[in-house]
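In: Pasting the sequence and the predicted coordinates here, then a few questions.
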Amino acid sequence: MKKTALFTALGSATALLLAASAPAGAQSAADRAVEAAKQFAGTTLNITWEAGLQANDPLNFSGPRWEELTGIKINVVEVPINELFTKTLAEHRASTGAFDLLNVVPAWIPDLAEAGALEPLDDFIDKHGYREELADIAPVYRDNQMAYRGTIYGLPDDGDVLIMYYRKDLFGDAAHQAAFKGQFGYDLAPPDTWAQFKDITQYFTENRPHDGFYGSAMIRSPGLIHYYFEERFRVEGGEFFDAETMKATINSDIGVGVVEGWIAEHEFMPPGAEAWGPIEVLNAWLAGDLAIMGWWPPPGRWSAGYGDFEILSFVPESKVAGKVGYALPPGGAPQLAAGFSLAVSSDSKNKEAAYLFAQWLNSREVSLERVQLPFALRDPFRTSHFESPEYQNLWPDAKDYLATLQAGAETGLLDLSIRNTFAYEESLTRAITAAFGGDDAKEALDRAAEEWDRITDRVGVEEQKRAYGDWIAKPNAYPN
Amino acid sequence: MSVAVASGGGFGRWADRRFKYLLILPAVLILLLVGVFPFINILIVSFQDISLIFEDRSFHGLLNYKRLFTEARLWQAILHTVIFTLVALPLELVFGLLMALLFLEPIRGRQVFLALLIIPTVISPIVAGATWRLMFDNQFGPINQILGWAAGEPVPIIWIVQKGFVWPAILIAEIWQWTPFMFLLLLAALSNVDKSQVEAAQIDGASNLRIFFRIVLPAIKPVLAIVLLIRALDLFRLFDVVWALTQGGPGTRTETLSTYAYVQGFQQFETSYTSAIAFVVVVLLSIVVVLALRRVEIAR
Amino acid sequence: MARVRLSGLHKHYGALHAVRGIDLDIPEGEFTVIVGPSGCGKSTLLRTVAGLEEADEGAIEIDGEVVNDLAPRDRNIAMVFQNYALYPYMTVFENIAFGLRARKFPKPEINKRVQEAAELLDITEQLVRYPRQLSGGQRQRVAIGRAIVRDARLFLFDEPLSNLDAQLREEMRAEIKRLHQDLGKTMIYVTHDQVEAMTLADRIVLLRDGLIEQQGAPLDLFERPETRFVAGFLGSPTMNFVPATLEASDGGLAVRFAEGTTLPLPPTRAQAVRSRAGSAVTLGVRAEHMSRANDAGTREGLAPLNVTIDLVQPTGSRTYATFNLADTAVSAELQAHDVRGPGEKMALLVDMNRIVLLDPETDRVL
Ligand SMILES: Nc1ncnc2c1ncn2[C@@H]1O[C@H](COP(=O)(O)OP(=O)(O)O)[C@@H](O)[C@H]1O
Ligand SMILES: [Mg+2]
């Protein structure tokens, strides 16, 4: 016993000694980043961040803390998400060097890396001893959202995954269980298939606990709807392209089935739900008006009523605290929709300082604090986050929540990421909204498939085939 | 001064004779800088191949212009824009004119009404679009509410989604925002019509219709032409309301030239292709404007 | 041709009472001139007759028919405006033809009538031109042409000559008078110019502050004004008004000024004002009713007055000499050579038969 203590003490002393002589010693990656960054004290780093809630992290938490530790000022440039890519690329093309550190959606990494906008990070990672902590990032993010063709360009920094939230209290209600089983012949539980999902929404719409209650609402707004298409389409067996010819195959029966399935489900959603975005869904959910819905991870925290910060005033008070169950969506392979990685701009004049800030933000200790910030939109992405006892005790069901996120991080599906992905997404989205508006789903998807082929032609069939090949080679491009 | 300059010799005399040109020189230079330079830049870029994927600044001939002619979506957007202009412009004109005629008579509370009527035109189109999005909200929007009262039962129209309703929604918002502009300028023009001419015509025995078409209309024609031109050009660039309400959807049903160009240029980064569109549009509109101005004899 | 009758006519513009109870009877074929200072309500009255303004109270009758509720186009009248109100986007021909076309006259008839009107007004050459290409006088003729081409029963003129220069004004005045003689139509003519009123009118209606001050034949009004306002408004230069007292002298009456100078009244005039003896009066005398005393002696009713000339204004045939009487500047119209210059002392003769005596309290003629 005494011996052990002595050993530990000795070990610590050695560690201290080592740390003093070699920077890559036993210190944490966060501390190393701070130490190394001190040489850049007095400089200012310009960092892009999604405008709005997201930016509260660097503005109110990590930015000021970093400046206190290192003397490096952080200037947050807030950019709306739909302009973030354009702005990043435009500044690079104009070589303005306006940004040092970049928030990039992982699916953009191929395009931005090809354009030369991103600085390779491998050397910095080795120099500042960050490899080991990178290994702690959940595999799906680590293996898919970091590198392009073998080079690391971004540190995965946000565990975005679209999971399902359902009303544990209603699903567990004996009367509902009996009635549901009587009507549909199987047990009422979080759905394994989208057909079950429809049964459940029908059931709860027809047997609503109060006026204004509906079975479900899902995010259907342009700009986001394609994530849900990509997920359900692949879960049900669809493939985006014929890998041989690169002809688009989104207009297959599976694709048409997805869109027609949605249209049928709208019957059991609030009127006008075909145009609902995240906010509308969230509001209805927190008001207790939905039996089941899909979203990114934050509603897990907000539903629990944990973290009523002033900044969050736009989120209505939760009426569902303690009544929420978490599940993977039907098919068990959730879309890893968007997400963020931290990347260093190749035009930066302070690349190393920018990298060090990213390493510090992304490090085990600091990121654990960040994903627990009540107002944060950064979601758990490290194994150590999922298994953090501190986090697991934030609210009574937090353990289940983290378990679901962790499960999603294993089976999650990557966003389609090839060359010119935006063009494909835009075309697909228009087909979907056209069908919502009353056009025939098959015809709309046929048109989109034609447009996809034209986009592919413009990119170059071979070039795109190579990019698509790279993408499907990743373990989570299609369900296993 | 002219004596002193004349004795000053050649340059002085030249400068004196060219004085008026020297006066407008700075303005011309600024115009060149802000107008012509970007225009030339667009022209150059339109012959290159710059997009999300490539940044190829070599000469690619008519590549982008060829694509322009084969892109059905572009032509659909142009068609939408033209048809919308042809529908919205006369409606705005008629409403604006009727309102202006109404306001010519001194009525109680005229000033207050005027101030209220001008609000739509002075708020930014983005805000107007957002406002109309709320107005058209299928559940909480006043439009469905009012229609519901009229119909005696809830009206389930989802204005910004259902294909039969998206264009009417845009039309209503656009007319709401811009009729006051028409109204204001026409009111100013009508107030300037010589009242005694109208009275003379009344005494001459002309009907109100005849007076309007023979006396009033010719008098306000120059203003009318300019207003129509300004609004036609505005409508041709229709963007904010569409973007706020439908983003061109469902599908591409409400896509206009501007929303299409925005999508191509700023969402898909098809810089060269978008430049080609912009160039063609600028050239076509310039021709239209010059012809129109010549017609109303404002440019000589 | 039409007979016009206005009774109890009132017109307000908000709080402003512009026409305050007009009764007027205009017989068929008469040329009536409504005259008065600017803002007295002449135009308003005329426009009410035309139907361009609605009467607030009272009746407008034309040929026995009450027309208050008829639109201007249904009153069958014609009107010439001060600013001509020509239609700028039409040729002269179209301007004149406008009313005929509006009333659906057949084409040949229109051509004939326009041609006739143009010949009458001597503007045949201008028919193809536009108003902006015409001189002021020509525009005026077009405006008149537009009025006469239809067989309107009543013609209204609102200061039609006030935008013309003096010479043209005289020409057009004569022409309008001739037109009235030729057409024989009832005409109501508004002007603020008393010379125009005097020369044109069969009857003058003098308007003041929305009320008729006096009406009658021009010479009647000129010679027998009932008020200081009428006396002062008609005639040029304006009548001189001098404060004085009426006193008994030698069994007759005399006008006595503050300086002590007196002017005896002829017995015929004295009769009417005898009761006023001893009270203050205002003497009204026109410049042309004073002359220089000369050796030729005096007539009955001419009273001598010794004055010192302050100011001399020659006009050519006549010279206006101004002198001071009872602290009032008085102007006399003399022969061109009767006066040499300021400071000259001379004796004038005042035609006491033509003076007016006014009650200074009421400004009414005694
Ligand atoms: N449309 C009007 N609105 C208000 N006041 C008016 C209007 N027309 C005339 N007036 C006023 O009515 C009075 C009479 O005007 P008017 O008949 O034009 O006078 P006149 O023609 O004798 O010069 C004036 O005080 C004038 O300012
Ligand atoms: Mg007048």
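Out: Perfect, I can see it now. Residues are numbered from 1 along each chain as shown, chains lettered A, B, ... in the order given. Ligands and ions are numbered 1, 2, ... in the order given.
In: So for the longest strand that chain C contains, mean pLDDT?
Out: Secondary structure of chain C per DSSP state E: the longest strand is strand C:302-314. Across strand C:302-314, pLDDT averages out at 92.
In: That strand packs against which elements?
Out: The contact analysis (3 or more Cβ pairs under 8 Å, 6 or more residues apart in numbering or on different chains; DSSP states H and E) places strand C:302-314 against strand C:262-264, strand C:318-325, strand C:345-351. Backbone N, C-alpha and C define where each C-beta goes, glycine included.
In: any weak-confidence spans in the stretch 351-480 of chain A?
Out: Under the criterion pLDDT under 70, no range of the stretch 351-480 of chain A is flagged.
In: which residue ranges form the helices in it?
Out: A:351-362, A:364-370, A:383-386, A:389-392, A:398-411, A:421-437, A:441-459, A:461-472 (DSSP state H, counting those that start in this stretch).
In: returning to that earlier point: who wins for proximity to chain A among the helices and strands packed on strand C:302-314?
Out: strand C:318-325 (86.8 Å; Cβ to the nearest Cβ).
In: by contact count, what packs against that closest one?
Out: strand C:302-314, strand C:328-335.
In: would you turn the ones you listed into a markdown table with distance to ligand 1?
Out: Converted to a markdown table, the helices and strands packed on strand C:318-325 look like this (distance: least, Cβ to the nearest ligand atom, whole Å):
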| stretch | distance to ligand 1 |
| --- | --- |
| strand C:302-314 | 29 |
| strand C:328-335 | 27 |
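In: Tell me which of the ones you listed is the most buried.
Out: strand C:328-335 (a mean of 18; mean count of other Cβ atoms under 10 Å in any protein chain shown).
In: what's the angle from that one to strand C:318-325?
Out: Orientation of strand C:328-335 against strand C:318-325 (axes from the mean of the first three to the mean of the last three Cα atoms, to 10 degrees) gives an angle of 150 degrees.
In: Show me the contact partners of strand C:328-335.
Out: C:237, C:240-243, C:285, C:287-288, C:290-292, C:307, C:310, C:318-324, C:348 (Cβ atoms under 8 Å, 6 or more residues apart in numbering or on different chains).
In: Centre of the chain to it, how far?
Out: For strand C:328-335, the separation from the chain centroid amounts to 23 Å (computed by Cα atoms, centre = their mean, to the nearest Å).
In: Please name the strands paired to it in the sheet, noting orientation.
Out: Sheet pairing of strand C:328-335 (DSSP bridges) gives strand C:318-325 (antiparallel).
In: neighbouring contacts of the helix or strand harbouring C:Asp182?
Out: Element membership for C:Asp182 (DSSP states H and E) is helix C:166-183. With contacts defined as Cβ under 8 Å, 6+ apart, helix C:166-183 is touched by C:31, C:120-121, C:136-137, C:140, C:144, C:148, C:157, C:160-161, C:164, C:187, C:189, C:196, C:199-200.
In: Make a PyMOL selection of whichever of these turn out to be buried.
Out: In PyMOL, a selection of the buried entries from the contacts of helix C:166-183 looks like this (16 or more other Cβ atoms under 10 Å in any protein chain shown):
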select buried, chain C and resi 31+120+121+137+140+144+148+157+160+161+164+187+189+196+200
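In: Out of the contacts of helix C:166-183, name the ones that lie in strands.
Out: Using DSSP E, those in strands are C:31, C:157, C:187, C:189.
In: Residue 281 in helix, strand or coil?
Out: All of this is about chain A. Assigned with DSSP: H, G, I helix; E, B strand; the rest coil, A:Val281 falls in the helix class.
In: I was thinking of chain C, sorry if that wasn't clear
Out: Going by three-state DSSP: C:Val281 is strand.
In: chain center to stretch C:78-90: distance?
Out: Distance, centroid of stretch C:78-90 to centroid of chain: 24 Å (Cα atoms, centre = their mean).
In: tell me, how many neighbours does residue 130 end up with?
Out: Looking at chain A here, since you left the chain open. 26 (other Cβ atoms under 10 Å in any protein chain shown).
In: please go with chain C instead
Out: If we define neighbours as other Cβ under 10 Å, then C:Tyr130 has 16 of them.
In: Isn't it up against C:Phe93?
Out: No: in this structure, C:Tyr130 is not within contact of C:Phe93 by Cβ atoms under 8 Å, at 10.4 Å.
In: show me what contacts C:Ala244?
Out: Residues near C:Ala244 by Cβ under 8 Å, 6+ apart: C:255-258, C:280-283, C:326.
In: ok, so of the residues you listed, who is nearest B:Ser191?
Out: Nearest to B:Ser191 among these, counting by Cβ to Cβ, is C:Thr282 at 48.4 Å.
In: Spell out the secondary structure type for the residue of the stretch 1-150 of chain A found nearest chain C.
Out: Nearest to chain C, among the residues of the stretch 1-150 of chain A, is A:Glu83, at 52.5 Å (Cβ to the nearest Cβ). Taking three-state DSSP as the rule, one finds A:Glu83 in the helix state.
In: Starting from B:Asp16, give me the distance back to it.
Out: As for A:Glu83, its distance to B:Asp16 is 54 Å (criterion: Cβ to Cβ, to the nearest Å).
In: coming back round to it: report the angle between the longest strand of chain C and strand C:328-335.
Out: 90 degrees.
In: Would you mind saying which of the helices and strands packed on strand C:318-325 lies nearest B:Gln76?
Out: Nearest to B:Gln76, of the helices and strands packed on strand C:318-325 and by Cβ to Cβ, is strand C:302-314 at 85.7 Å.
In: In CSV, list the helices and strands packed on strand C:302-314 along with distance to C:Gln335.
Out: Listed next are those as CSV, based on distance: least, Cβ to Cβ, whole Å:
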stretch, distance to C:Gln335
strand C:262-264, 21
strand C:318-325, 7
strand C:345-351, 12
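In: closest to A:Asn480 out of those strands?
Out: strand C:318-325 (121.1 Å).
In: So what's the residue count around the residue in chain C that chain A sits nearest to?
Out: In chain C, the residue that lies nearest chain A is C:Tyr89 (49.2 Å; Cβ to the nearest Cβ). Counted with other Cβ under 10 Å, the neighbours of C:Tyr89 add up to 17.
In: pretty sure it contacts B:Val216?
Out: No: at 10.6 Å, C:Tyr89 and B:Val216 do not qualify as touching, with contact defined as Cβ under 8 Å.
In: Which neighbours do these two have in common?
Out: Contacts common to C:Tyr89 and B:Val216, judged by Cβ under 8 Å, 6+ apart, are absent.
In: Any figure for the gap between A:Arg466 and A:Lys474?
Out: For A:Arg466, the distance to A:Lys474 - Cβ to Cβ - is 14 Å.
In: my bad, should have said B:Val282
Out: Taken as Cβ to Cβ, the span from B:Val282 to A:Lys474 is 45 Å.
In: filter the contacts of strand C:328-335 to the buried ones?
Out: In the contacts of strand C:328-335, the ones that pass as buried (16+ other Cβ under 10 Å) are C:240-242, C:285, C:287, C:290-291, C:307, C:319-323, C:348.
In: tell me which of those is nearest to A:Asp211?
Out: C:Phe241 (92.5 Å).
In: where's whichever strand or helix holds the closest one relative to the chain centroid, distance-wise?
Out: In this structure, C:Phe241 sits in strand C:240-249 according to DSSP H and E. Computed by Cα atoms, centre = their mean, the chain-centroid distance of strand C:240-249 equals 29 Å.
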